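> Below are the sequence and a predicted model; questions follow.
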Amino acid sequence: MRRGVFITLEGGEGCGKSTQARRLAAWLGERGVRTLPVREPGGSPLPEAVRSMLKRGIDGDTPCDRAELLLFLAARAQLVEKIIVPALESGVWVVSDRFSDSTAAYQGAGRGLDADFIKAANGFACAGLSPDLTILLELPRETALRRICARKAAGGAGDRIEDENEAFHSRIAAAFRAIAASEPGRVATIDASGTPEEVFAAVSTVVQKRFFASVPGAERS
Ligand code: Z5A
């Protein structure tokens, strides 16, 4: 039986998901909510190993599009079964930096793989689990690129998906917008162009309203 709440953050690269996921987990902790932050792909040794294959390949051997899809799904299946579901069942809230919407956007819209297959395969990998709330961070591509360049200049490493062309990244942005439009009850879109503090004010307002507002002043643990 599921008792915790599952929140995902989505959006294009450099939109601030990791920054906001960290803040959200800390903010929930301050409210007495036991919270587990995870990232996708990753979150435990096996999916972290898959992450490194996906981002850089092995000895110059990079995954083809179909292998890429299956590797993302394998990493997700492991994370869901071994980490996320047990956490939710024990009452822990899980905040995930990316989840299944990323696969629909990147491997579906980005790579052009079959959307119906991806939907079914995502359902299989997640064993039916879907987020209670998804926060979609929207940022103009130029601003995201400025942030990514600044991070690279400070020594951060790039990866082969990040290095795809602009048409690829604009298909992804459009796909995320379409997902938000089709599931307004689950997905809240937030303008990510402000300072980290401004963006977090919007993120925490959504979470506050959604999960803490039913009894004024009451907090959930
Ligand atoms: N992928 C996929 O294809 N299919 C899937 O199913 C899944 C993923 C799950 C994971 O890479 C890649 O896998 C990703 C999608 C694909 N590839 N791409 N492109 P990742 O986890 O390494 O990277 P990412 O998810 O794309 O995120 P990111 O590039 O690390 O960015 P972010 O998490 O959204 O942003 P951030 O790290 O919080 O911030 C980026 C920089 O901006 C950083 O230097 C911050 O200090 C700065 N920042 C953050 N917020 C602000 C504000 N508000 N103002 C100014 N500067 C800011």
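Sure, I can see it.

> Could you give the number of residues near I179?
For I179, the neighbour count with other C-beta atoms under 10 Å is 21. All C-beta atoms are positioned from the backbone trio N, CA, C, and that covers glycine.

> Show the model's pLDDT score for it.
On pLDDT, I179 comes in at 98.

> Secondary structure element for it, which one?
Using DSSP states H and E, I179 maps to helix 166-182.

> how about the residues of this protein near the ligand?
Contacts of the chain with the ligand, taken as C-beta under 6 Å from any ligand atom, map to 13-19, 39-41, 72, 98, 102-103, 106-107, 147, 151, 161-162, 195-196, 199.

> and the helix or strand of the chain with the lowest mean pLDDT with helix 166-182, angle?
For the chain, using mean pLDDT, DSSP states H and E, the weakest element among its helices and strands is helix 141-153, scoring a mean of 92. Relative orientation of helix 141-153 versus helix 166-182 (axes from the mean of the first three to the mean of the last three C-alpha atoms, to 10 degrees): 120 degrees.

> List of residues touching helix 141-153?
Residues outside helix 141-153 that contact it (C-beta atoms under 8 Å, 6 or more residues apart in numbering): G12, E13, G14, C15, G16, G158, E162, E166, H169, S170, A173, S193.

> One more pass at 7 Å, please.
G12, E13, G14, C15, G158, H169, S170, A173, S193 (C-beta atoms under 7 Å, 6 or more residues apart in numbering).

> now do stretch 59-71
Contact with stretch 59-71 is made by V50, M53, L54, G57, T103, Q107, R111, L113, I118, R160, as judged by C-beta under 7 Å, 6+ apart.

> where do the helices sit along the chain?
For the chain, the helices defined by DSSP state H cover 17-30, 45-56, 65-79, 85-89, 100-103, 115-126, 141-153, 166-182, 196-207.
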